[in-house]
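Novice: Need coordinates for the below:
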Amino acid sequence: MHRQHDFASLVIWATATVALVQTANSAEGPTSTATQSAVSTPDFSGVWTKPYLGWELPLSGPGPVTNKVRRRQAFDIDGRPLRADTAPLVNTASQLIGDHDNPILKPAAAQEVKRRGDNELHGTPNASARNQCWPEGVPAVFRDMTIQMIQQSDRIVILYDYDHEVRRVRMNQQHPAQVTPLWYGDSVGHYEGDTLVIDTVGIKVGPFTMADNLGTPQSAAMHVIERYRLVDYAAAREGQVRGLQENFFIGGGGDVGVPLDRGYRGQGLQLQFTVEDDGVFTTPWSAIVTYRRALGAIPENACAENLRGTYVGKDSAIPRASTPDF
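Specialist: Numbering: from 1, shown residues only. From the prediction side, this is the model:
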């Protein structure tokens, strides 16, 4: 009898609970919508890569400064050798001479790009955040080959393959009224349907800060908007084919990026970003980065462990502090 009574009580309690939950859900339309939104959030998590350092030029409109020094591409997107006489001419990292005539550059910025190019022509290596083991900042870090994205409800963390660079994006929040400059800026994000939108301001300007590897300067006024979305296999492959029309094939492996998973035929990840900086540029410009699934995890890469590994002729000026900066 006691068991029957207990069971009856449990049924009555459960029925009442369901009724209360249904009533609450009916009264809380926004919560129900938010839950549905969370269910439909695209999954960007995992390791993504491309077989080159750099980004794709935009399909239309103003684009970034490009390297005037070119070499023949060696491999196609599948790693097959190309004929030297017909392969496209692409950016080479062996000599970095930016096109200072690009109309996006204001006069002072164009002069800085030209100065660094002249140094390269005379055999003088230019210091950069990458070869001095400093944070590359935004948007320069988008050139890295491999990323890992970690999605959480309140934030997104993006890991980059070179020198433990990390960005943290606060979701569904606003920039503070007074932004404290940080190496990767203050980044806030939200979803627009199937697209992740990240808005970044407050990017710290240091001794080696630049928008690319060609010496294009940036100011504290820089504003970067990123739009990430999943694309099908054909679109992802085509994006990287375009990338190899501009950037030399590296492939990945060892301490430089992670190779492509060539057996994977699922979706890729595409980033379209726009850069605004009234202190440097005459107009906003944009570029594209297309990733496909990587074959494995990001390896450890500590730039400061080899002070002559990335800079020619002398030790890299790695960040040092006599007192804690936190």
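Novice: any idea how far the residue most central in space within the chain lies from residue 226?
Specialist: In the chain, the centroid-proximal residue (C-alpha atoms, centre = their mean) is residue 142; its distance is 3.7 Å. For residue 142, the distance to residue 226 equals 8 Å [C-beta to C-beta, to the nearest Å]. Glycine gets a C-beta too; all of them are placed from N, C-alpha and C.
Novice: part of a helix, is residue 141?
Specialist: Yes. Assessed with DSSP: H, G, I helix; E, B strand; the rest coil, residue 141 lies in a helix.
Novice: who's in contact with it?
Specialist: Residue 141 makes contact with 135, 160, 165, 167, 184, according to C-beta atoms under 8 Å, 6 or more residues apart in numbering.
Novice: List the contacts of the residue nearest to residue 215 when sequence neighbours are not counted.
Specialist: Excluding the flanking residues, the one nearest residue 215 by C-beta to C-beta, 6 or more residues apart in numbering is residue 116, at 3.5 Å. When contacts are counted by C-beta under 8 Å, 6+ apart, residue 116 touches 96, 98, 126, 214, 215.
Novice: okay, and the common contacts of residue 142 and residue 226?
Specialist: Listed contacts common to residue 142 and residue 226 are 271, 273; contacts here mean C-beta under 8 Å, 6+ apart.
Novice: about what we covered before: would you mind giving the secondary structure of the residue nearest to residue 215?
Specialist: At residue 116 the chain is in helix, as set by three-state DSSP.
Novice: Equivalent analysis for residue 113, please.
Specialist: Here residue 113 is recorded as helix under three-state DSSP.
Novice: correct me, but residue 197 touches residue 190?
Specialist: Yes. Counting by C-beta atoms under 8 Å, residue 197 does reach residue 190; the two are 5.7 Å apart.
Novice: ok, residue 155 - contacts?
Specialist: Contacts of residue 155 were listed using C-beta under 8 Å, 6+ apart, and they are 168, 169, 170, 171.
Novice: Please, where are all the strands along this structure?
Specialist: Ranges of strands in the chain, per DSSP state E, are 46-49, 70-72, 89-91, 146-151, 155-160, 166-171, 186-192, 195-201, 223-231, 268-276, 285-293.
Novice: Go through those strands and name the closest to residue 240.
Specialist: Nearest to residue 240, of all those, is strand 285-293, at 5.3 Å by C-beta to C-beta.
Novice: tell me the angle of that closest one relative to strand 146-151?
Specialist: Interaxial angle, strand 285-293 versus strand 146-151 (axes from the mean of the first three to the mean of the last three C-alpha atoms, to 10 degrees): 90 degrees.
Novice: What residues sit buried inside strand 285-293?
Specialist: Within strand 285-293, the residues that count as buried by 16 or more other C-beta atoms under 10 Å are 285, 286, 287, 288, 289, 290, 291, 292, 293.
Novice: can you put the residues you listed in CSV and add pLDDT and distance to residue 56?
Specialist: Below are these laid out as CSV (pLDDT from 0 to 100; distance: C-beta to C-beta, whole Å):
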residue, pLDDT, distance to residue 56
285, 98, 13
286, 98, 10
287, 98, 6
288, 98, 4
289, 98, 7
290, 98, 6
291, 98, 11
292, 98, 13
293, 98, 18
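Novice: from those residues, which single one is nearest residue 86?
Specialist: Closest approach between the buried residues of strand 285-293 and residue 86, by C-beta to C-beta: residue 290, at 23.8 Å.
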